[in-house]
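[1] What would the 3D arrangement of this be:
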Amino acid sequence: MTETLQRPAASAPPHPEPTSFLRRPLVVAARAALVAAVLGVVLAAVPVVGAWAGDDRSSAALADCVRTAGQVWLAAHGTALDLPDGRFDLAPLGLALVPLALLARAGRSVSLHRRATSVREAARAAASVAVPYAALCAGAAAICGTSALRPSVLSAALAGLGTALLGAGAGALRPDRLWRAAWSRPGDRTRRTLPAAVVAVSTLLAGGALLVAGSLLGHFDRATDLAAATAPGVVGGAGLLLLGLSYVPNAVVWGASWLAGPGFAVGTGTAVGPFAHELGAVPALPLLAALPAGSPPGWLAVLALAVPLGAGALAGRVLHRRADGPSRTRAVLDVLATAGWSGAAVAVLAVLAGGSAGGARLAELGPSATRVGLAFALEVALGALVAALLLRRRPGRAPAQHD
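    Below you'll find the predicted structure:
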């Protein structure tokens, strides 16, 4: 009996399924950027269209209204808008939270689609969203210009790119807990000093928020008079309220700059601070009713410095708890690094919160980034050094050891 043994033919390896065009990574990223941009424009158009529809005195066409919504959306990114007599680039930081949130959602979806498992892959996902988003911002600037207000195409592209990198980058790091991997990349000193700087900056901003709220409550009658002066009606009043709320974060940074010492400007040649006060006519906006009417008393100016010095002391306490040894030289270097981080962060916030609202008198609004950053860095260094000396002399347990 003969048996014929036949070996089964080796099966060919399965071919990977061809990726659909719409599922390709770059296409997915471009689609996510487009969705974020469209939703941002729609959300910006809601109050604009509502104010246009509810105002019987308006003679503008619907196309002009939509074009205005695009300009508002671009302004939320910090895009410079060219006016006949100057430039408007005072970005409403409160409104900027809308595109940042939409971009974070886009970055997270692209990161999940790419199955990003490292910080580098998350950065690529964020960049793949940011580039088309910047192109969309530049395109919107090109078609939303009018004879009275023309967005800068280059400014729109750069502002859109920066906003998208920040928002999409934050969203791309969310899957798989990539924040921890990103935090492990800096050196030991950076990991010790950054939390202390965050505490210092947060303390100063909290003080600025309390200062603005207290001053606005103290001048509440003036604010209501300014709001009612233009007879805005219900819809216009709601729009005026939204405008004020969108600039509240700017006002908080201005208040923090006042506490730090240098203060801020409300127009060319003006100064509002604890040690100098020179203020002329200001725009009739309810939020600006919180501006002081004159120079504060000397005791209040000195007391204001307790906030940034206290912020430095709190940062020094954080450094003491995170110290990795008894070396005084290392402690001083940590204090200087914390002061540098704090001053740089406040300087960046001052740049973002300031700008111009036209030509001539309103060409300079907000704090000086250089002066506020240097002043706060010195105050944090002084407060942290005093706190570190006091905590080192106090008997108790040794500072915690950290890897």
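[2] For the most centrally placed residue in the chain, which non-adjacent residue is spatially closest?
    The residue at the geometric middle of the chain, judged as the C-alpha nearest the mean C-alpha position with CA atoms, centre = their mean, is L93 (6.2 Å). Across the structure, with CB to CB, 6 or more residues apart in numbering as the measure, the residue nearest L93 apart from its sequence neighbours is P249 (3.7 Å). (C-beta placed from N, C-alpha, C; glycine too.)
[3] Correct me if wrong: that neighbour contacts L95.
    No. Checked against CB atoms under 8 Å, the pair P249 and L95 is beyond contact range at 9.4 Å.
[4] returning to that earlier point: give me the element the residue nearest to L93 is part of.
    Secondary structure from DSSP states H and E places P249 in helix 248-260.
[5] still on that earlier bit, against L178, how distant is the residue nearest to L93?
    27 Å (CB to CB, to the nearest Å).
[6] Same check on G316?
    31 Å.
[7] Quick check: mean pLDDT of the helix or strand A130 falls within?
    Using DSSP H and E, A130 sits in helix 119-143. Taken as a whole, helix 119-143 has an average pLDDT of 93.
[8] So which elements touch the helix or strand following it?
    Next in sequence after helix 119-143, counting helices and strands by DSSP H and E, comes strand 150-151. Secondary-structure packing of strand 150-151 (3 or more CB pairs under 8 Å, 6 or more residues apart in numbering; DSSP states H and E): strand 81-83.
[9] contact partners of the strand it packs on?
    The contact list for strand 81-83, computed with CB atoms under 8 Å, 6 or more residues apart in numbering, reads 71, 74-75, 87-89, 148-152, 358-359.
[10] a markdown table for those, including neighbour count, pLDDT and distance to T329?
    Written out in a markdown table, the entries for the contacts of strand 81-83 read as follows (neighbours: other CB atoms under 10 Å; pLDDT from 0 to 100; distance: CB to CB, whole Å):
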| residue | neighbour count | pLDDT | distance to T329 |
| --- | --- | --- | --- |
| Q71 | 23 | 91 | 54 |
| L74 | 28 | 94 | 49 |
| A75 | 24 | 92 | 48 |
| R87 | 17 | 86 | 48 |
| F88 | 20 | 88 | 49 |
| D89 | 19 | 88 | 44 |
| A148 | 9 | 82 | 60 |
| L149 | 16 | 87 | 56 |
| R150 | 17 | 90 | 55 |
| P151 | 28 | 92 | 51 |
| S152 | 19 | 92 | 48 |
| G358 | 18 | 77 | 51 |
| G359 | 14 | 71 | 52 |
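[11] nearest to L241, of the residues you listed?
    The shortest separation between L241 and any of the contacts of strand 81-83 is 17.6 Å, and it belongs to A75 (by CB to CB).
[12] so the closest one, which of the three states?
    Classification of A75 using DSSP: H, G, I helix; E, B strand; the rest coil returns helix.
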